[in-house]
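Participant: what shape does this take:
(one chain, ligands or ions: 1)
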Amino acid sequence: MPQELRSATSKIIVGTAPATQQMKRLIETIAPSFGPVLVTGPTGAGKELVAQALHEDSGRTGKLVAVNCAAIPAELMESELFGYEKGAFTGADRRRTGRFEQSHDGTLFLDEIGDMPLSLQTKLLRVLENHTVQRVGGNDDVKLNLRLVCATHKNLLDMVEAGSFRADLFYRLNVFPIVVPALADRTEDIILLLNALVSKRYARDASCKPPIFSDSAQKALLSYNWPGNVRELRNVIERAFALFDGREVTGQHVRENLLSLRLPSELVPAEQDSLWEATSDLFGNPSPEFADFMTEPPKPEDYKPWFSHYDDIDLRGHLRDIEVVLIEAALSVTDGMVSHAADKLGIGRTTLIEKMKKLVIDKKQDA
Ligand SMILES: Nc1ncnc2c1ncn2[C@@H]1O[C@H](COP(=O)(O)OP(=O)(O)OP(=O)(O)O)[C@@H](O)[C@H]1O
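Facilitator: Numbering: from 1, shown residues only. Now for the predicted structure:
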């Protein structure tokens, strides 16, 4: 298809894995219709992008207006969504339109819909039934033509069961359900996303040169399980720009310095401080003190204080990372001699070969 005829969806959403292609086809098909869309999927997987793609391919002339229901205090949410008339409450010195009215002829994206208070759920249901809103303190019905897209990482059916989400609203919203797959379920997209996000990051700020992800780095990215999904991959790329300005990133760098932020030994302390500052809001950063502690090979009992630093741990992923690092180290000191490396690790040669296959480890180790 010529570039200019491609849908906005195919430009916005990167990925060619079967699950991604299926999702993109679904978005393109339902974008021009009117019914509400409910986008679900794990955090960071791209739910907001789906809303953007739906709007861009809808042919609607109005705006895409996004509201994060988890970020607005419950007592302000009604006036934020419905607007208010002058004098409706103390401080309402003029009429204000709400997000519903602002998205007339366009799309209203209600993110984290699972966090909407029950009283507002009832009001939202009324809007969906009547296609009108009343501003707070007003009596006039304002007629609206908008496409509603809601998203959540919560299980709304469980919430319905627990009585915290209205069943009738759930069925009203769930006309077109779209499930965004976890990144771990579409590994074919990882390298495409890596290249797209590196180019995007470089286009935004060309002051750092793009890092070069070697074959072993790409393998390491492919064998990781991405609990934070595409947002976590974006964070890894952000770290790579900060740490490897224009240099080659190896598989070992990915595991040791990018997936769990630890500095390569060649970085000086001053850079260390600015890096911690620059990335302190990134997914899952350990504190600098904890990183220092981790530069020593940990003894099992060193893990005891873990939960005073973190809420949780991906135990399987962590144990797998330790296995990968030790196997690679053994292969490196034995120049890739598998049987010698197996001796060093105290396991049989065949067991080591099986592990290397499973964990995508090469005999030859790059530094
Ligand atoms: N398929 C994709 N192609 C390109 N970029 C993507 C894709 N999926 C996600 N991203 C990027 O990953 C980041 C997270 O995506 P987004 O905010 O849409 O996730 P989300 O599912 O809405 O997260 P949350 O549940 O935390 O709100 C954004 O920077 C987004 O641009």
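Participant: max-length helix in this protein?
Facilitator: helix 315-333 (DSSP state H).
Participant: against the ligand, how distant is residue 250?
Facilitator: 25 Å (CB to the nearest ligand atom, to the nearest Å). (Glycine included, C-beta is placed from N, CA and C.)
Participant: now do residue 18
Facilitator: For residue 18, the distance to the ligand equals 14 Å [CB to the nearest ligand atom].
Participant: contacting residues for that residue?
Facilitator: Shown in contact with residue 18 (CB atoms under 8 Å, 6 or more residues apart in numbering): 186, 188.
Participant: next, the buried residues of the longest helix of the chain.
Facilitator: 320, 321, 324, 327, 328, 330, 331 (16 or more other CB atoms under 10 Å).
Participant: between those residues, which is closest to the ligand?
Facilitator: Distance to the ligand across those (CB to the nearest ligand atom) is lowest for residue 321, with 23.0 Å.
Participant: what residues does stretch 342-362 touch?
Facilitator: Contacts of stretch 342-362 (CB under 8 Å, 6+ apart): 216, 219-220, 222-223, 320, 323-324, 326-328, 330-331, 333-334, 338-339, 341, 363.
Participant: with stretch 94-103 instead?
Facilitator: 62-65, 67, 79-86, 108, 127, 133, 135, 142, 144, 146.
Participant: what's the span of that stretch, first residue to last?
Facilitator: 20 Å (CA to CA, to the nearest Å).
Participant: can you point out the buried residues in that stretch?
Facilitator: 96, 98, 99, 100, 101, 102, 103.
Participant: for burial, what's the neighbour tally of residue 358?
Facilitator: 11 (other CB atoms under 10 Å).
Participant: write out the residues of the stretch 151-300 of the chain neighbouring the ligand.
Facilitator: 153, 193, 196, 230, 231, 234 (CB under 6 Å from any ligand atom).
Participant: state the next helix or strand along the chain beyond the longest helix of the chain.
Facilitator: As assigned by DSSP states H and E, the chain's next helix or strand after helix 315-333 is helix 338-345.
Participant: so what's the gap between that next one and the chain middle?
Facilitator: Averaging C-alpha positions (CA atoms, centre = their mean, to the nearest Å) puts helix 338-345 39 Å from its chain's average.
Participant: check stretch 229-245 too.
Facilitator: Relative to the chain's own centre, stretch 229-245 is displaced by 13 Å; criterion: CA atoms, centre = their mean.
Participant: quick one: mean pLDDT for it?
Facilitator: Here stretch 229-245 scores 92 as its mean pLDDT.
Participant: could you do stretch 172-180 as well?
Facilitator: 97.
Participant: over to stretch 335-344?
Facilitator: Stretch 335-344 comes out at a mean pLDDT of 91.
Participant: could you measure from the residue in the stretch 201-350 of the chain that the ligand sits nearest to over to residue 303?
Facilitator: Going by CB to the nearest ligand atom, the ligand is nearest to residue 230 of the stretch 201-350 of the chain, at 3.4 Å. Residue 230 is 29 Å from residue 303, where distance means CB to CB, to the nearest Å.
Participant: more neighbours: which of those two?
Facilitator: residue 230 (22 against 11).
Participant: re earlier: so the residue of the stretch 201-350 of the chain closest to the ligand sits against residue 182, correct?
Facilitator: No. With contact defined as CB atoms under 8 Å, residue 230 does not reach residue 182; the gap is 9.7 Å.
Participant: overlap of the contact sets of those two?
Facilitator: residue 45.
Participant: so what's the residue of the stretch 201-350 of the chain closest to the ligand up against?
Facilitator: 44, 45, 46, 183, 193, 197.
Participant: tell me which parts of the stretch 1-150 of the chain are close to the ligand?
Facilitator: So the stretch 1-150 of the chain meets the ligand at 13, 14, 15, 41, 43, 44, 45, 46, 47, 48, 49, 111 (CB under 6 Å from any ligand atom).
Participant: just the pLDDT at the nearest residue to the last one once chain neighbours are set aside, thanks.
Facilitator: Nearest non-adjacent residue to residue 111, counting by CB to CB, 6 or more residues apart in numbering: residue 68, 4.6 Å away. Residue 68 is assigned 94 on the pLDDT scale.
Participant: backbone dihedrals for residue 68, please?
Facilitator: phi -100, psi 110 (degrees, to the nearest 10).
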